[in-house]
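Chemist: Compute the structure for the input listed below.
(chains A and B)
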Amino acid sequence: GENVEQHPSTLSVQEGDSAVIKCTYSDSASNYFPWYKQELGKGPQLIIDIRSNVGEKKDQRIAVTLNKTAKHFSLHITETQPEDSAVYFCAARSGGYQKVTFGTGTKLQVIP
Amino acid sequence: NAGVTQTPKFRVLKTGQSMTLLCAQDMNHEYMYWYRQDPGMGLRLIHYSVGEGTTAKGEVPDGYNVSRLKKQNFLLGLESAAPSQTSVYFCASTTSGGQNIQYFGAGTRLSVL
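Modeler: Numbering: from 1, shown residues only, chains lettered A, B, ... in the order given. This next block holds a predicted model:
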């Protein structure tokens, strides 16, 4: 089955700096890569996703890049703000029924 | 618009007790999932359902049973709770086509003593 590795597990940045979270996947058949943000006491919420036929996608301060050859994808957050502090999960979909495999999460702390 | 609702939010069980977690979605989604979240392990799929009356095993199904008698509800049962089942449980749902975004509930925090 699919295996998704995520690094780093924790990340502290100063407000206004950029944050980068990296993930690798094992199944070359994976074709959809969502990123979720989980705030304290809440369920994960999709913030951005990318499909295998696209190399990069941006949404305001958030961007995701995908390198299919190397089987890795990354989340980039620019001009970080305190409200960006949360746990971020990457995921990859390779099987049917929309099942995804999640990474182990990155706890991002933005220091004011 | 409620989305995905989980009940209860918190529960403490003694070893050997049973309980049922309820997930309800009002988005007419075909697919529903139960995950558990443990520190350092991300979200792991327990069971899932692709439609009313159907269920299938995920990555970590042992010790759990599920039922989907109605399209909008997905129940997760623990017949004889064990301390290893102490976790935060999340339900999610999505459509069978289109963008396939998984929508999550707020979670159920379960402690088994």
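Chemist: For stretch A:7-23, list every residue counted as buried.
Modeler: A:11, A:13, A:19, A:20, A:21, A:22, A:23 (16 or more other Cβ atoms under 10 Å in any protein chain shown). For the C-beta atoms, the positions are set from N, CA and C on the backbone; glycine is no exception.
Chemist: I should have written stretch A:62-78 there, sorry.
Modeler: Those would be A:62, A:63, A:64, A:65, A:66, A:71, A:72, A:73, A:74, A:75, A:76, A:77, for stretch A:62-78 by 16+ other Cβ under 10 Å.
Chemist: These also near chain B: which ones?
Modeler: Taking Cβ under 8 Å from any Cβ of the partner chain as the test, chain B is in contact with none of the buried residues of stretch A:62-78.
Chemist: now those in a markdown table, with pLDDT?
Modeler: Listed next are those as a markdown table, based on pLDDT from 0 to 100:
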| residue | pLDDT |
| --- | --- |
| A:62 | 98 |
| A:63 | 98 |
| A:64 | 98 |
| A:65 | 97 |
| A:66 | 97 |
| A:71 | 96 |
| A:72 | 95 |
| A:73 | 97 |
| A:74 | 98 |
| A:75 | 98 |
| A:76 | 98 |
| A:77 | 98 |
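Chemist: From those, which land in strands?
Modeler: A:62, A:63, A:64, A:65, A:66, A:72, A:73, A:74, A:75, A:76, A:77 (DSSP state E).
Chemist: give me every residue that touches the last one.
Modeler: Looking back up the chat, that one is residue A:77. A:18, A:19, A:20, A:61, A:62, A:84, A:108 (Cβ atoms under 8 Å, 6 or more residues apart in numbering or on different chains).
Chemist: Kindly report the residues of chain A close to chain B.
Modeler: Going by Cβ under 8 Å from any Cβ, the residues of chain A near chain B are A:1, A:4, A:6, A:9, A:32, A:34, A:36, A:41-46, A:49, A:89, A:93, A:97-100, A:102-105.
Chemist: In ChimeraX, how would I select just the buried ones from the residues you listed?
Modeler: Under the burial definition 16+ other Cβ under 10 Å, those of the residues of chain A next to chain B that qualify are selected in ChimeraX by:
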select /A:4,6,32,34,36,43,44,49,89,93,97,98,99,100,102,103,104,105
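Chemist: Among the residues of chain A next to chain B, name the ones in strands.
Modeler: Those of the residues of chain A next to chain B mapping onto strands are A:4, A:6, A:32, A:34, A:36, A:45, A:46, A:49, A:89, A:93, A:100, A:102, per DSSP E.
Chemist: ok so, going back, so which of the buried residues of stretch A:7-23 comes closest to chain B?
Modeler: residue A:23 (10.8 Å; Cβ to the nearest Cβ).
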